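Asker: got a predicted structure plus its sequence, pasted below:
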Amino acid sequence: PGAGGAEGRVIAVWGPAGAPGRSTVASAVAAELGRRGRTILVDADPYGGSIGQQLGVMDEVSGLLSAARLATAGQLEERFSTVQRGLDHRLSVVTGLPRPDRWTEVRGGTIEHLLELGRTHGDVVVDTGFSLEGDPAGDLGGRPGRNQLTLGALEVADDVVVVGAADPVGLSRLARGLVDLREVLGDRPVHVVVNRMRPTLGWSEKEVAGMVAGFARLAGLSFLPDDRTTVDRALVAGRTLVESGESALTKAVASLVVALRVGVPA
């Protein structure tokens, strides 16, 4: 548990369709938090998780499915450590679904229970899916819809990080996504991360901030530079960005984590 018995915070990383970099940002934030204290990274993407593969965790057993089975048996709290895979002495990961079709094995309330347990051990970063749509057919059938993993994580989260790509298509999707997210979160503020920012787009950070500001109540706005070399090096090695060495991207992630912890823009 955290120092003095204090609970950690749950940080949900969400973003619209189009691969804006949700998983990369989630793993990078978790790794940076792991430098500062106990942190758990949870892959809750109902469309098939990639966190384990990104970080070189190739176990066939899914931490999320194990947690679902233990929660059903009422044993998740006492066996919580068994659903995690340690990456180092401060950072562990709960791997996601091995196949997208296995979302049906995660009963309603599992992700909420998992995240609440996680916060008693430290900070929790949860990588979510892109879709916020409900599933009326699922409600009629007495089981949660596919996107309940995402919606449940957002409900439990203390902080919501919204990731969007810096290009025209990505910013358009981000704007629409922020409107959709407001219907889920209400007036809760979110921290927007504009990913893969690069000078070739011809926009300044101030101009991009002006595009984003009107679509959500912002707790903060951060920019991550387009650093393909650093990201590729980490992916090929199965390591976190923090482990790949200092770069402009890792410095920007560190600033983002500071902003999340103290509540001011990076």
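Answerer: Received, thanks.
Asker: all strands of the protein, in order?
Answerer: 10-14, 39-43, 85-86, 91-94, 123-127, 159-165, 190-197, 218-225 (DSSP state E).
Asker: Ala28 is nearest to which of these?
Answerer: Closest to Ala28 of these is strand 218-225 (C-beta to C-beta; 8.4 Å). Where C-beta positions appear, they are placed from N, C-alpha and C, glycine not excepted.
Asker: out of the strands of the chain, which is closest to Glu243?
Answerer: Among the strands of the chain, the nearest to Glu243 by C-beta to C-beta is strand 91-94 (10.1 Å).
Asker: picking that back up, of all the strands of the chain, which lies closest to Val253?
Answerer: Val253 lies closest to strand 218-225 among these, at 6.9 Å (C-beta to C-beta).
Asker: ok, back up a step: reformat the strands of the chain as a markdown table; add mean neighbour count, distance to Val257 and mean pLDDT.
Answerer: Shown next, in a markdown table, are the strands of the chain (neighbours: other C-beta atoms under 10 Å; distance: least, C-beta to C-beta, whole Å; pLDDT from 0 to 100):
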| stretch | mean neighbour count | distance to Val257 | mean pLDDT |
| --- | --- | --- | --- |
| strand 10-14 | 26 | 9 | 98 |
| strand 39-43 | 30 | 10 | 98 |
| strand 85-86 | 14 | 21 | 94 |
| strand 91-94 | 25 | 13 | 97 |
| strand 123-127 | 30 | 10 | 98 |
| strand 159-165 | 25 | 10 | 98 |
| strand 190-197 | 24 | 11 | 97 |
| strand 218-225 | 20 | 10 | 96 |
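Asker: where does the prediction get shaky in the stretch 151-266 of the chain?
Answerer: In the predicted model, the stretch 151-266 of the chain carries pLDDT under 70 at residues 262-266.
Asker: picking up where we left off before, could you dump the strands of the chain to TSV with distance to Gly108?
Answerer: Listed next are those as TSV, based on distance: least, C-beta to C-beta, whole Å:
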stretch	distance to Gly108
strand 10-14	17
strand 39-43	17
strand 85-86	25
strand 91-94	18
strand 123-127	16
strand 159-165	21
strand 190-197	24
strand 218-225	28
